[in-house]
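1. Mind looking at a prediction? Sequence and model below.
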Amino acid sequence: MRSSVDGARGLMLGALTALALTGCATAVGRGDAALHAGRPDEAARYFEAALAADPARLDARVGLGIARVRTRAWDTAIATLDDVVAEAPGRADARLYLGLARLMHGDIPAAREQLLALRGLPIHTRIAAQLDRVLPILVSGLDPTVRDLVAAGLDDAYEWATEVDQERHRARVPLEPAWTIYWDHFHPSALYGPYRRALPSAP
């Protein structure tokens, strides 16, 4: 009798855990969609909801950091993404937006440090080329107009590369077994993915 009760409790706990994880994943997905649609305030609310369910969730922390950059909340973005980079230094998306937050906050040396580190990671060739153009001009006393153009250009390049990567992924979905799609979503490679993973890889 006791073993039956224990078994039932175990099943219930497993079901509740799965439900919580599903809700967290849904919140992150909606946050990504809102970011992609240009609604960073809405995206931030979704990522915060995901983090309320799972405070350690890295993709939600990256998404929240990006949302904070796009709402110009530099201090919050820096605090969020600093923690991510310390924990996962190979996260190219976190390095890019931490660099942009530092740049817009006026800390040119810190921004340059992050963007140089980003250049050493495997990233899309278009983003790499953009970095090669802007890194030489990131010096103290940078004109604010030029600074804003640099930040907007890198953000746009990332958005473009993300859209290309998403279209490539959607195109391959009907051709692949379900388990490979599941694996890509929950165990992405260092080069795959939109906001919550590394910068998209070159074709």
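-> Structure's in. What do you need?
2. Other residues contacting whatever helix or strand residue 81 lives in?
-> Take DSSP states H and E as the rule and residue 81 turns out to sit in helix 74-87. The contact list for helix 74-87, computed with C-beta atoms under 8 Å, 6 or more residues apart in numbering, reads 58, 61-62, 64-66, 68-69, 91, 94-95, 97-98, 101-102, 104-105, 114. The C-beta positions use only the backbone N, C-alpha and C, and glycine is treated the same way.
3. what does stretch 42-53 give?
-> Contacts of stretch 42-53 (C-beta under 8 Å, 6+ apart): 20, 23-25, 27-28, 30-32, 34-35, 57, 60-61, 63-64, 66-68, 71.
4. Give the buried residues for that stretch.
-> 42, 43, 44, 45, 46, 47, 49, 50, 51, 53 (16 or more other C-beta atoms under 10 Å).
5. Just flag the most distant two among those.
-> The largest distance within the buried residues of stretch 42-53, taken as C-beta to C-beta, falls between 42 and 53 and amounts to 17.7 Å.
6. Where do the strands of the chain begin and end?
-> Here the chain has no strands by DSSP state E.
7. In it, where is pLDDT below threshold?
-> 1-25, 164-203 (pLDDT under 70).
8. just the helices in it please.
-> 2-36, 40-53, 58-70, 74-87, 92-105, 108-119, 125-134, 144-172, 178-186 (DSSP state H).
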